[in-house]
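[1] Got a sequence here, can you build the structure:
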Amino acid sequence: MELEKLSTEEEDTEMMVNGHHMNDSNAEKMIFNDGYEAAESTMAESAEFLPHKSGSKQIQFTDFEGKTSIGMSVFNLSNAIMGSGILGLAYAMSNTGIVLFVFLLICIATLSAYSIHLLLKSAGFVGIRAYEQLGHKAFGQPGKIIAAVIISVHNIGAMSSYLYIIKYELPLVIQAFLQLHESNGMWYMNGNYLIIIVSIFIILPLALMRQLGYLGYTSGFSLTCMVFFLIALIYKRFQIPCPLPIYGNESHHNDHTFSSNGKNHTIEEECTAKLFTVNPQTAYTIPILAFAFVCHPEVLPIYTELRSPTKKRMQRVANISIAGMFTMYLITAVFGYLTFYGNVETELLHTFNRVNPLDTLLLCVRLAVLVAVTLTVPVVLFPIRRAIQQLLFPGKAFHWLRHIAIAFTLLICVNLLVILVPNIRDIFGIIGATTAPTLIFMLPGLFYVRIVPNDKEPLKSRPKIQAICFATLGFIFMIMSLSFIFLEWTRSDGRSHIGGH
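    As a prediction, this is how the structure comes out:
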């Protein structure tokens, strides 16, 4: 018994020693594994996506691993938000008054940020960062087709509006810089030739970039041009007298009344800012502001290329971009309105022509706006190409020939549209009135309701009720915008004032 007890004790001692050595030899390995698992858990939590039901594995994005910084992403999204509609905001303020305009601008900016929140949260549940794929996840193949078509139509309309600005403004800028009193009939004064040249030598090379993140530098320069536009606008506010002088007639109004737009006004009436006003054109303000914040087709592509992508980081990009554009929009509207008051036109730059079209500073401003518009076109083209790839080449790997062919074909189509159709203002109005509310309000709300599982958020939960109300609001905006356009068409002397993005 003693020998057995001694043998047992020796075996126990040996096992303890061996176990001790095993622990010593595996200590680093265990610590490493613990640290790796902790890091993996931390990364999973920071991704902010809900775990899959089958286990603790997080849903991860599998489409692309981005490398774009937050700063470059902010530049790209801000450039996507900032459209030609910024030139019509002073006109919108003149038809609402300062207080009502600021209130509406805050509401639209807040709703736009909430819309992006719905998109990002929907993408987080399914691990998809493509607008078209979200449509497929929510409503099957019809949803994918509808989302792709709406994005393509809206962005083609936006590209066309930018090229129209180049077509009509660039010849005037060249004419003014050459000190020509009228067009000399040369080819460089033909807007059709100019948009082809700009498309080939500036837009196409930028559109051939493989990743949208590379356009962060050009987007930053585009925003710099618009900052110069704002500085010049503030400066001119204190240089241009009121009432507005007519170019070529330097006489001042010595009377207390004068004629403006066929009506007699007192100087006090004409040169006093209105805090709150309502007129037949006031109803157009909401569509104009809604269109000015359309950037949703670009949100998910920018999210795709964001470095260390999480919903929190992308929402930060969206909030900074919207806040920046809110500030630029507000400054443009306030100083444009306080410069011209009731005489401000639907496009702000046209109003400056009534003062002195040959003013050097104003020529530089027009050129800066043209540069900003030109550099925005490639950013708008990226979502169209992605939508076409999702529809025609789903699951196909990247191929340079296909990448180049789609961009080249899109530019040809848009150039032909701008050259052959002399006036498509009403077409743009219809497109903008239908696609903008759909992209901002209706689709994000519907995606959220359909994609987020009911066991996570029941249909009667507050987030889903808010999303349903949000989509309903978009439908109301669309009906309202279309009604305004049709009513304007019935007026013999009316023109559509709804600006596109």
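[2] need the strands for the protein, in chain order.
    257-260, 263-266 (DSSP state E).
[3] By mean pLDDT, show me the worst of those.
    Lowest mean pLDDT within the strands of the chain: strand 257-260, at a mean of 45.
[4] Glu347 versus the one residue sitting closest to the centre of the chain, what's the distance?
    Geometric centre of the chain, nearest residue: Cys295, 2.3 Å, by CA atoms, centre = their mean. In this view, Cys295 and Glu347 are 21 Å apart by CB to CB, to the nearest Å. Heads up, the C-betas are built off the backbone N, CA and C, glycines and all.
[5] can you check Met442 too?
    29 Å.
[6] got it, and Val418?
    Distance of Val418 to Glu347, given as CB to CB: 17 Å.
[7] If you count surrounding residues, which of those two has more?
    Set Val418 next to Glu347 and count neighbours by other CB atoms under 10 Å: Val418 wins out with 24 against 18.
[8] residue contacts, that one?
    By CB atoms under 8 Å, 6 or more residues apart in numbering, the residues touching Val418 are Ser160, Leu163, Tyr164, Lys167, Ile195.
[9] Just the ones of those residues in helices?
    The helices, defined by DSSP state H, take in Ser160, Leu163, Tyr164, Lys167, Ile195 from the contacts of Val418.
[10] Surely the first one and Asn415 touch.
    No - in this structure Ser160 lies outside contact range of Asn415 using CB atoms under 8 Å: 9.2 Å.
[11] What is the burial count for Pro463?
    That count, for Pro463 with other CB under 10 Å as the rule, works out to 16.
[12] contacting residues around the residue nearest to Leu233 when sequence neighbours are not counted?
    In this structure, Leu233 finds its nearest non-sequential neighbour in Phe335, 5.0 Å apart by CB to CB, 6 or more residues apart in numbering. Phe335 makes contacts with Ala90, Leu230, Leu233, Ile234, Arg237, as judged by CB under 8 Å, 6+ apart.
[13] Would you confirm that the fourth one contacts Met328?
    No - using CB under 8 Å, Ile234 makes no contact with Met328, being 11.9 Å away.
[14] Can you tell me the closest non-neighbouring residue to Asn319?
    Asn319's closest residue in space is Ala113 (CB to CB, 6+ apart), at 5.9 Å.
[15] sorry, back to before: how close does the residue nearest to the centre of the chain sit to Ile465?
    26 Å.
[16] Ile288 too?
    Where Ile465 is concerned, Ile288 sits at a distance of 29 Å (CB to CB).
[17] In terms of neighbours, single out the busier of the two.
    Higher neighbour count among Ile288 and Ile465: Ile288, with 24 against 14, using other CB under 10 Å.
[18] The more buried one contacts Ser94, correct?
    No - Ile288 is beyond contact range of Ser94, at 11.9 Å (criterion: CB under 8 Å).
[19] residues contacting the residue nearest to Asn319?
    Counted by CB under 8 Å, 6+ apart, Ala113 has contacts Ala318, Asn319, Ile322.
[20] How many neighbouring residues does the second one have?
    Put plainly, it is Asn319. 15.
[21] likewise the first one?
    Ala318 has 26 neighbours, counted by other CB under 10 Å.
[22] Skipping adjacent residues, who's closest to it in space?
    Counting by CB to CB, 6+ apart, the residue nearest Ala318 is Ile116, at 4.4 Å.
[23] Isn't the one you found up against Arg316?
    No - contact between Ile116 and Arg316 fails when scored by CB under 8 Å: they sit 10.9 Å apart.
[24] more crowded one of these two?
    The residue with the greater number of neighbours, taking Ile116 and Arg316 and applying other CB under 10 Å, is Ile116; the counts read 26 against 14.
[25] Please tell me the pLDDT value assigned to the more buried one.
    95.
[26] do the same with Phe340
    The model's pLDDT for Phe340 equals 88.
[27] for Lys5, same thing?
    Looking at Lys5, the pLDDT reads 45.
[28] The residue nearest to the centre of the chain is in contact with Ser321, isn't it?
    Yes - the criterion here is CB under 8 Å, and Cys295 meets it with Ser321 at 7.4 Å.
[29] Next, show the common contact partners of these two.
    Residues touching both Cys295 and Ser321 by CB under 8 Å, 6+ apart: Leu77, Ile81.
[30] Any stretches of this structure with poor pLDDT?
    1-66, 84, 181, 183, 245-269, 357, 423-429, 492-501 (pLDDT under 70).
[31] Now do the residue nearest to Leu233 against Tyr341, distance only.
    Counting by CB to CB, the gap from Phe335 to Tyr341 is 12 Å.
[32] same thing with Gly124?
    47 Å.
[33] ditto for Leu289
    Leu289 is 20 Å from Tyr341, by CB to CB.
[34] of these two, who's got more company?
    Taking neighbours as other CB under 10 Å, Leu289 and Tyr341 compare with Leu289 leading, 25 against 21.
[35] wait, doesn't that one sit right on Ile108?
    Yes - between Leu289 and Ile108 there is a contact under CB under 8 Å: 4.5 Å.
[36] all helices for the stretch 301-450 of the chain, in order.
    Ranges of helices in the stretch 301-450 of the chain, per DSSP state H, counting those that start in this stretch, are 311-340, 348-353, 360-392, 400-420, 425-437, 443-451.
[37] tell me which residues of the last one are tucked away?
    I take that to be helix 443-451. For helix 443-451, the neighbour count (16 or more other CB atoms under 10 Å) marks Leu443, Pro444, Gly445, Leu446, Phe447, Tyr448, Val449, Arg450, Ile451 as buried.
[38] Would you mind writing the CA trace of that helix as PDB?
    Extracted in PDB, the C-alpha atoms of helix 443-451 (Å, rounded to 0.1, in the frame of the first residue of the first chain):
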ATOM      1  CA  LEU A 443     -36.600  54.400 -51.000                       C
ATOM      2  CA  PRO A 444     -34.600  54.800 -47.800                       C
ATOM      3  CA  GLY A 445     -37.700  54.500 -45.700                       C
ATOM      4  CA  LEU A 446     -39.100  51.500 -47.600                       C
ATOM      5  CA  PHE A 447     -35.700  49.800 -47.600                       C
ATOM      6  CA  TYR A 448     -35.500  50.200 -43.800                       C
ATOM      7  CA  VAL A 449     -39.000  48.800 -43.200                       C
ATOM      8  CA  ARG A 450     -38.400  45.800 -45.500                       C
ATOM      9  CA  ILE A 451     -34.800  44.900 -44.600                       C
END
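[39] Thank you, goodbye.
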